[in-house]
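1. Give the three-dimensional model of this entry:
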Amino acid sequence: MIIKLITHTIRLIQTGRKLLLSLSIIIVLHGCALFNWDKEEDYYYRMLVWNNTNDTLTLVFNDSVINNSIYNYTIFPNDTAELENNAKGVNKEQDPIETMFTDGKHDYYLFACVFKNDSLLKKWEGPLSIMNDSTHHFFNYNSWDTWLTTDNEGVVIFNIEKSDIKN
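-> Below is the predicted model of the structure:
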């Protein structure tokens, strides 16, 4: 009788371990599948600003003082600066330029200032809008260019021209 009880208990423990192991595997695999729910974006764009002048410029966002802002970028003559919110995921149905400026609820940039040394040369007020093609403005949608550099990577670029910083 005791032998039957011990044998039955051992079989029950072995079955319980198998069941526990099976449930653990199912839970782990199901947990991994949770990470697959978020769809990857179709493209990743980088936001660049090209300094098309012969001067070293500093571009500052959301502040009109160079030293106070954490969003300032030094751009050497005929060079580019890659802005901080890069590379941003964009789906096929989204506009890459609009996506770089807003998350749909909040504007990332309220204004942009261009400095040479410590002198303010230009201040552009936001938000992003559609202006005439002839209006060269940081917040003019039509002043930005965009293209794909690979199958799923691209750039959104703005050129700072000499005419922007004339005094």
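2. Retrieve the pLDDT associated with Met47.
-> We have a pLDDT of 91 for Met47.
3. which residues touch the nearest residue to it once chain neighbours are set aside?
-> Spatial nearest neighbour of Met47, excluding adjacent residues (CB to CB, 6 or more residues apart in numbering): Leu83 at 4.3 Å. Bear in mind the C-beta positions are built from the backbone N, C-alpha and C, glycine included. Applying CB atoms under 8 Å, 6 or more residues apart in numbering to Leu83 gives the contacts 47-49, 73.
4. neighbour-wise, which of those leads?
-> Neighbour tally across the contacts of Leu83 (other CB atoms under 10 Å): the maximum, 24 neighbours, falls on Met47.
5. what's the distance between that residue and Tyr73?
-> 11 Å (CB to CB, to the nearest Å).
6. Least confident secondary structure element in the protein?
-> Sorting the helices and strands of the chain by mean pLDDT, DSSP states H and E puts helix 2-34 at the bottom, at a mean of 65.
7. Parallel or antiparallel, list what pairs with the helix or strand that that one is followed by.
-> The helix or strand immediately downstream of helix 2-34 is strand 43-51, counting by DSSP states H and E. Strand pairing for strand 43-51, determined by DSSP bridges: strand 79-82 (antiparallel), strand 88-90 (antiparallel), strand 153-160 (parallel).
8. Format those as a markdown table; extra columns: mean pLDDT.
-> Listed next are the strands paired with strand 43-51 as a markdown table, based on pLDDT from 0 to 100:
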| stretch | mean pLDDT |
| --- | --- |
| strand 79-82 | 93 |
| strand 88-90 | 83 |
| strand 153-160 | 93 |
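9. Dump these to TSV, plus mean neighbour count and distance to Phe115.
-> Formatted as TSV, these follow (neighbours: other CB atoms under 10 Å; distance: least, CB to CB, whole Å):
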stretch	mean neighbour count	distance to Phe115
strand 79-82	16	13
strand 88-90	18	26
strand 153-160	19	11
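10. Could I get those in CSV, plus columns for distance to Met100?
-> What follows is the strands paired with strand 43-51, written out as CSV (distance: least, CB to CB, whole Å):
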stretch, distance to Met100
strand 79-82, 12
strand 88-90, 6
strand 153-160, 5
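11. Quick check: which of the ones you listed is nearest to Leu57?
-> strand 153-160 (6.4 Å; CB to CB).
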